[in-house]
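In: Coordinates only, no sequence provided:
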């Protein structure tokens, strides 16, 4: 019997448009011989089921059910395609845990941890996973530009601590521009991480559970036309994403091993996409995404394709793994 699958998309953050595209691709490519897909839009002001004619009807949040022309529908599994809050920070994971409905992304603790760049890098550091020197600020803290420069140097990156898709990020070359960059980051989050600039090759490593095994996908090299991999570079064609990456065998083995190690240390499931920069042959982690982009142009689906995994296989495996774990 076919399983009912709720495909979640939207969300409460600046990333909602990207999430709608990701969820739409999952809906279009999911194997309908095995699954009955339902598009569920999650926004602050509404949770709705969107049918094939784009007609909306409300989701019952008490049991996460919907009503269609065929009556009440409940779900065997949830496919989480929400980037940012509440799909990538643990809120929805905890909700579905309480309801006993399996879902394709990591559990709520892992989602909350990885969504917080500062906490993630701090937890992984004792396991030998390196990261750039950094300086932390919370909204309301005194801004000491001299202390920041002494810790991380110039240029540096000012980032919103809990935001994705390069929202709230600036590359700063002059001490006098720090405050403006900090104000920009505070538009996205009340916590900030300021990191030293690492001059090297940037790569993205997808890790998935596939056929019951943890698997690193072919690695992608990020080459941007802009000063760094910002929103424009990421989504508006101002970068090259080269898969497989043009790195040495040693670098490939090191970064794949680190990405898998981080996945297993944190007891992840579903998909992760971790970003690293090589300084000489040493990979430094920047962040880990637990609901990465899933459009046909996104990095992780391209990596899966390079590994010989089609989109129906990629999406179907995530559901099957979630159902097995349940």
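Out: Ah, there it is. Keep in mind that what you see is a predicted model, and the values were worked out from it rather than measured. Residues are numbered from 1 along each chain as shown.
In: And for stretch 130-138, what's in contact with it?
Out: Here stretch 130-138 makes contact (Cβ atoms under 8 Å, 6 or more residues apart in numbering) with 118, 121, 124-125, 143, 147-148, 151-153, 161, 182, 190-198, 277, 282-286. (Glycine included, C-beta is placed from N, CA and C.)
In: show me where the chain has helices.
Out: 16-29, 91-99, 108-115, 117-124, 145-152, 178-186, 231-235, 249-265, 299-306, 311-325 (DSSP state H).
In: So which of these is nearest residue 207?
Out: Shortest distance between residue 207 and the helices of the chain, using Cβ to Cβ, is found for helix 249-265: 4.6 Å.
In: Rounded mean pLDDT for that closest one, please.
Out: Mean pLDDT, helix 249-265: 97.
In: quick check: angle from that helix to helix 108-115?
Out: Per axes from the mean of the first three to the mean of the last three Cα atoms, to 10 degrees, the angle that helix 249-265 makes with helix 108-115 is 140 degrees.
In: And for helix 249-265, what's in contact with it?
Out: So helix 249-265 is in contact with 124, 127, 129, 201, 203, 205, 207, 214, 216, 219, 244-245, 247, 268, 272, 274, 276, 278, 281-283, 285, 288, going by Cβ under 8 Å, 6+ apart.
In: Please repeat the previous calculation with a cut-off of 7 Å.
Out: By Cβ atoms under 7 Å, 6 or more residues apart in numbering, the residues outside helix 249-265 that reach it are 124, 127, 129, 203, 205, 207, 214, 216, 219, 272, 274, 276, 278, 281, 283, 288.
In: Around the third one, how many other residues sit close by?
Out: The one in question is residue 129. Counted with other Cβ atoms under 10 Å, the neighbours of residue 129 add up to 20.
In: distance of it from residue 266?
Out: Computed as Cβ to Cβ, to the nearest Å, the residue 129 to residue 266 distance reads 11 Å.
In: and what of the second one?
Out: For residue 127, the distance to residue 266 equals 10 Å [Cβ to Cβ].
In: Would you mind telling me which of these two has more residues around it?
Out: residue 266 (21 against 11).
In: I'd like to know how many residues surround residue 10.
Out: Other residues close to residue 10 by other Cβ under 10 Å number 27.
In: Run through the bridge partners of it.
Out: Note on residue 10: beta-bridge partners by DSSP bridges are residue 42.
In: quick one: it and residue 18 touch, right?
Out: No. Counting by Cβ atoms under 7 Å, residue 10 stays clear of residue 18, with 10.3 Å between them.
In: Could you pull out the strands in the stretch 151-300 of the chain for me?
Out: Under the criterion DSSP state E, counting those that start in this stretch, the stretch 151-300 of the chain contains strands at 156-160, 170-172, 191-196, 202-210, 213-216, 220-224, 239-242, 272-279, 282-289.
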